[in-house]
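K.L.:
After the sequence you'll find the predicted model.
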Amino acid sequence: MNSQSYFKDISVYVNCWKYRSTHDVLCEILRGLGFVVHGREYASGLITRLENLAKKKRIIVCLDKIDQLKTFVWL
């Protein structure tokens, strides 16, 4: 088993230059981990979903260009 396939279901890469708000980044993280996200959810609900997932399994999140985020509500 190579490392790409091993980390496929537990890792996500987000380019914060493209997704610049907390809400957009959270949506992209959850989508990258296989969740259905409609985009109308509150950020607090997205954070709760991510926290619940993190309690069940380890996840790896890469936030590239994080200095480009307009808001840092949850960091």
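P.N.:
Arrived safely. Numbers count the residues shown, from 1 in each chain.

K.L.:
dump the residue contacts of the closest residue in space to Ile10 that isn't next to it in sequence.
P.N.:
Sequence neighbours aside, Ile59 is the residue nearest to Ile10 in space, at 5.2 Å (criterion: Cβ to Cβ, 6 or more residues apart in numbering). C-betas here are computed from N, CA, C, even on glycine. Shown in contact with Ile59 (Cβ atoms under 8 Å, 6 or more residues apart in numbering): Ile10, Ser11, Val12, Leu33, Leu53.

K.L.:
can we see that at 10 Å?
P.N.:
Counting by Cβ atoms under 10 Å, 6 or more residues apart in numbering, Ile59 makes contact with Phe7, Asp9, Ile10, Ser11, Val12, Ile29, Gly32, Leu33, Leu50, Leu53.

K.L.:
State the pLDDT value of it.
P.N.:
The model reports Ile59 with a pLDDT of 91.

K.L.:
do Ile47 as well
P.N.:
92.

K.L.:
That one belongs to a helix?
P.N.:
Yes - judged by DSSP: H, G, I helix; E, B strand; the rest coil, Ile47 forms part of a helix.

K.L.:
ok, it - how many residues close by?
P.N.:
Close neighbours of Ile47, defined as other Cβ atoms under 10 Å, add up to 15.

K.L.:
likewise Leu33?
P.N.:
Neighbour tally, Leu33, other Cβ under 10 Å: 19.

K.L.:
contacting residues around Leu46?
P.N.:
With Cβ under 10 Å, 6+ apart as the criterion, the residues that contact Leu46 are Thr22, His23, Val25, Leu26, Cys27, Ile29, Leu30, Phe35, Val37, Gly39, Trp74.
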